[in-house]
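[1] Predicted model follows, preceded by the sequence.
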Amino acid sequence: MSQTTVPYEAVLDELEAEAIHIYRETAAAFRDPVLLYSIGKDSSVLLHLALKAFAPAGLPFPLMHVDTTWKFQEMIAFRDKRVAELGLDLRISTNEEARTEGVSPFSHGTHEYTRIMKTVALRAGIDRYGFDAAIGGARRDEERSRAKERIFSLREPGHRWDPRKQRPEFWRTANTTLSEGQSMRVFPLSNWTELDVWRYIQREAIDIPTLYFAKERPVVERDGALIMVDDDRFPLRDGEVVQMRSVRFRTLGCYPLTGAVESTADNLSDLIAEMENSTMSERAGRLIDGEGGGSMEAKKAEGYF
Amino acid sequence: MTTTRQTPVLHLVTCGSVDDGKSTLIGRLLAETNSVPLDQLEYARQTRRGGSTIPVGEVDFSLLTDGLEAEREQGITIDVAYRHMNLPNGRRVLIADAPGHEQYTRNMAVAASNGDVAVLLVDAARGVRPQTHRHLTVCALMGVKTVIIAVNKMDLVGYGQAAFDEVVEVVQTTASRLGVPDVRSIPMSAAVGDNVTSLTNEMPWFDGPSLLESLCDWEPVEDTANKPFRFPVQFIVRAEGNFRGYAGTVVSGEVSRGDEIVVADSGRTAMVDRIVTFDGDLEQAVSGQAVTLTLDHEVDVTRGDLISGVGPTAAQPADRFSADLVWLGEEPLAHGRSYLLVSGSRSVPATVTNVRYRLDVVSGHEHSARLLNMNDVGRVEIATDRPIPMDPYSTSRDTGGFLLVDRVTADTVAAGLTRHAMRRSFNVVPHSYDVDHEARVRLMGHEGKVVWLTGLPGSGKSSIADAAVRRLHALGVHTYVLDGDNVRTGLNKDLGFTPEDRAENVRRVAEVSKLMMDSGLVVFVALVSPYRSDRLSAKELFGQGEFLEVHVDTSVEVCAQRDPKGLYAKAAAGSLPNMTGMGQAYEVPEQPDLILHGVGDIEASVTALTIAILGE
């Protein structure tokens, strides 16, 4: 019996080729696609793959960032730096009305806050620009309900995700036809794992925010999580003390809702080594998912990514 | 960039129901290859579903592959779940897990469509069941080459070899009939863990390998690199310095710089000049790689075209195919209805012209059938609106497989597997000439066009065509008129006036007008052409802006009054039963490019036509 050994490089090559294929199909088949850019590691990989898919030409579609105004300051600086470096067309969508009303992670429950500042702002942005396909970085390994997500995921009028209407996917052939009011979400990283993303970042030397690397940062312990005090909008509760600890973030989102992990991994190799020994799924650090087994699914039905 | 020939990803499909212990088997495989995060494992340790007999604190492996909340609550099943696992040899396994309910042939087909290996679960205590045959048949149909018969729950039959042998013999027989090239069998207990990732001591009569070892031993049954080169063009890349490249994925075979290729749709040949990637040019690209090709000279290539190797394995266009369909839609297959055939990046209107038989996926028998319902599999004949190069599915899943899409709801209603191209188109290879349409247009000084005048008999079509051609001729435009009555004295003298003959009449006139237009002429067609579907078929032969549908809108009363050929008088006397407007209906165009009135100012009509043809 043969005993082939498959190098990790070859697995990454295959995942890369699949993502490029999906990108090209999306760019050609839809009238107005958009790349949903959320600044984190998955978005960084997504952007890198998009550059690969259309080289030597530039991106044939714009980027959109749903800005809740509660992101880490470094994320916004990183976003603006990348956009300038690459000469990208970036659209920003914020729920200004809710912002004016003072909706914050502290004024509303996490679920309601997420619905107002992320889901509503995402849907409004897509509607305002008339995008008919939105490309995102979701992966099937992120969460159990994602295991059944399609690569081309159909949304009914009003951005509603109807499990019964999802299209069967055969081979590399996608049915990208839309009827009146329908739109598509497209996930080129569907078959990637979190470790694949990190290995690929290392191999391709992809620029990512330094929040992923361990550093002494001001944090408080709240509800069993370590939350970084990123600006002076963070109201301390009685007895809470801001301490400097060596932490990094496994995912990036709204800083009051993103738990840090204690770590000393301040470079990619250490980080990947830590990842390989990691025993928790990545979304464990996200406070928005933890409300009941199917909460991600419930959010998705409302139009969350 | 490393070569992808090693097949770094193994696509695994799992067949069987929860009762066969499928969820438990997948859960254990994932857990024992460290493919599950600890918090999810902990969840499977603490959570219990109604009816579970596994004590809290032990892992209920079936919970690791649990589905969606909506599914659990509403009792619906949403086809396939995907999970991944790493083999000790570094190969990635992508598991497509389809629910095993008997009626879900469609889900099985989705899961098997990319499958390299199928794990077919059979409960040792219950033996082979109808759905075992169903799953095996669908896997074979969808091109799965390796089948591992996993005879599960051996602990419940005292680990006896007889029960195992009995199952394997029955399944082997079916697998041989279906022509599955690589069949393996393993006795196991997923619940206990026997022979899943390592060999058990309970069955000394079985000397291995375990399921995990068997997956590690796996190599592709076919050498993908020896297959013919196929490259469906997805996207045209245009960049600075007149860069024009064709982006796509090599779905079969390989290509090197300097290779001669043919654009299968047009018959045009060229040489591959560069194989471009973001990371630099390649000398060669193999199956699975996404690249951008540039050619040594300009040929017309659009999205959806298939670039193929030349020679005996070159892809050939045809417009009639024999194919197997897996029907997915809730509405049954409608005979003669036009669907969108989608294959790779190509999409073409197509009609199912004949249902040959329905396949009983349990017995393998062929039953005569007139339609296909959801979850049926059947052999059909398909006609496409224009010739397209489809390969047999056995040559390539990507260029042999297709979807049928409902043109109104946009739902995917069928998955199709091309068996072979049929009849006349098969040996016809369009020759492409150097003096092409563009060259003729330059010589003519204007674009060719078809102006299709439709309307009741006696509505004034011929008079308008006559006057318009006189005006255009004077302006130096090359014209011709295809008049319904004139054509019927020659080319179409074998045709009568039944709806079928009228359809053929329109088809021939449309094809002739297309040839004339291609030669550079502005062609007027003056033809009653009463049926909307016939006119639509004619229109679909042409590109954007090449075809003008003009409705000469004259009331039947006025036509009967004018009656230049005495037809209405004859019809009134009963000697013309198929007369349009009298015995047969005239279907008014819904969105004509132009509406003219047959009575009144003919010069105004001619001016409107001239502007529509030549612009302002």
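    Nice, I can see it.

[2] Please point out which parts of the lengthiest helix in chain B sit buried.
    For chain B, the helix with the greatest residue count under DSSP state H is helix B:499-518. Judged by neighbour count using 16 or more other C-beta atoms under 10 Å in any protein chain shown, the buried positions of helix B:499-518 are B:R502, B:A503, B:N505, B:V506, B:V509, B:A510, B:V512, B:S513, B:K514, B:M516, B:M517. Any C-beta I mention is one placed from the backbone N, CA and C, and that applies to glycine too.

[3] Does the third one touch B:K493 like I think?
    Read that as B:N505. No: the pair formed by B:N505 and B:K493 falls short of the contact definition of C-beta atoms under 8 Å, at 10.7 Å.

[4] Which parts of the stretch 251-400 of chain B are helices?
    Taking DSSP state H, counting those that start in this stretch as the criterion, the stretch 251-400 of chain B contains helices spanning B:397-400.

[5] now the buried residues of helix B:499-518 as CSV including pLDDT and distance to chain A?
    Shown next, in CSV, are the buried residues of helix B:499-518 (pLDDT from 0 to 100; distance: C-beta to the nearest C-beta, whole Å):
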residue, pLDDT, distance to chain A
B:R502, 81, 31
B:A503, 79, 27
B:N505, 87, 33
B:V506, 88, 28
B:V509, 92, 31
B:A510, 92, 26
B:V512, 93, 33
B:S513, 93, 30
B:K514, 92, 27
B:M516, 92, 33
B:M517, 92, 28
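
[6] so who does A:R185 touch?
    A:R185 makes contact with A:A133, A:A134, A:I135, A:G136, A:F152, A:S153, A:R155, A:F305, according to C-beta atoms under 8 Å, 6 or more residues apart in numbering or on different chains.

[7] Regarding it, what is its secondary structure?
    In terms of secondary structure, A:R185 is strand; the call rests on DSSP: H, G, I helix; E, B strand; the rest coil.

[8] can you check B:R471 too?
    helix.

[9] For it, give me its contacts.
    Residues in contact with B:R471, defined by C-beta under 8 Å, 6+ apart, are B:V606, B:T610.

[10] Could you count how many residues lie near B:F321?
    The tally of other residues near B:F321 (other C-beta atoms under 10 Å in any protein chain shown) stands at 26.

[11] Please name the residues that touch the residue of the stretch 451-600 of chain B found nearest chain A.
    Nearest residue of the stretch 451-600 of chain B to chain A (C-beta to the nearest C-beta) works out as B:Q544 at 15.9 Å. For B:Q544, the contact set (C-beta under 8 Å, 6+ apart) is empty.

[12] What distance do you get for it to A:D232?
    59 Å (C-beta to C-beta, to the nearest Å).

[13] Restricted to buried residues, select the contacts of A:R185 in PyMOL.
    A single PyMOL command selects the buried members of the contacts of A:R185 (16+ other C-beta under 10 Å):
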select buried, chain A and resi 133+134+135+136+152+153+155+305
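
[14] Among the contacts of A:R185, which are located in strands?
    Within the contacts of A:R185, membership in strands is found for A:A133, A:A134, A:I135, A:F152, A:S153, A:R155, as judged by DSSP state E.

[15] pLDDT wise, what is the third one at?
    When you say that, I think you mean A:I135. According to the model's per-residue confidence, A:I135 sits at a pLDDT of 96.

[16] who's in contact with it?
    For A:I135, the set of contacting residues under the criterion of C-beta under 8 Å, 6+ apart consists of A:23, A:26, A:33-36, A:46, A:50, A:61, A:185-188.

[17] of all the residues you listed, which comes closest to chain B?
    A:Y23 (8.7 Å).

[18] quick one, domains of chain A?
    The record's domain parsing of chain A by automatic domain parsing lists A:8-197+A:294-302, A:210-285.

[19] what about stretch B:357-371, distance to the chain center?
    Mean C-alpha position of stretch B:357-371 versus that of the full chain (C-alpha atoms, centre = their mean, to the nearest Å) differs by 22 Å.

[20] and after the longest helix along chain A, which helix or strand comes next?
    Scanning chain A for the helix with the most residues, using DSSP H, yields helix A:8-29. Per DSSP states H and E, helix A:8-29 leads on to strand A:33-36 as the next helix or strand towards the C-terminus.

[21] can you map out the helices along the stretch 201-305 of chain A?
    Counting by DSSP H, counting those that start in this stretch, the stretch 201-305 of chain A forms helices over residues A:268-276, A:295-302, given from the N-terminal end onward.

[22] What is the least confident helix or strand in chain B?
    The element with the least model confidence among the helices and strands of chain B, by mean pLDDT, DSSP states H and E, is helix B:69-74, at a mean of 49.

[23] angle of the very next helix or strand once past that helix against helix A:8-29?
    Scanning forward in sequence from helix B:69-74 by DSSP H and E, the next helix or strand is strand B:81-86. Angle between the axes of strand B:81-86 and helix A:8-29 is 150 degrees (criterion: axes from the mean of the first three to the mean of the last three C-alpha atoms, to 10 degrees).

[24] on that earlier part again, return the most buried member of the domains of chain A.
    Of all the domains of chain A, domain A:8-197+A:294-302 carries the top mean neighbour count, a mean of 20, counting by mean count of other C-beta atoms under 10 Å in any protein chain shown.
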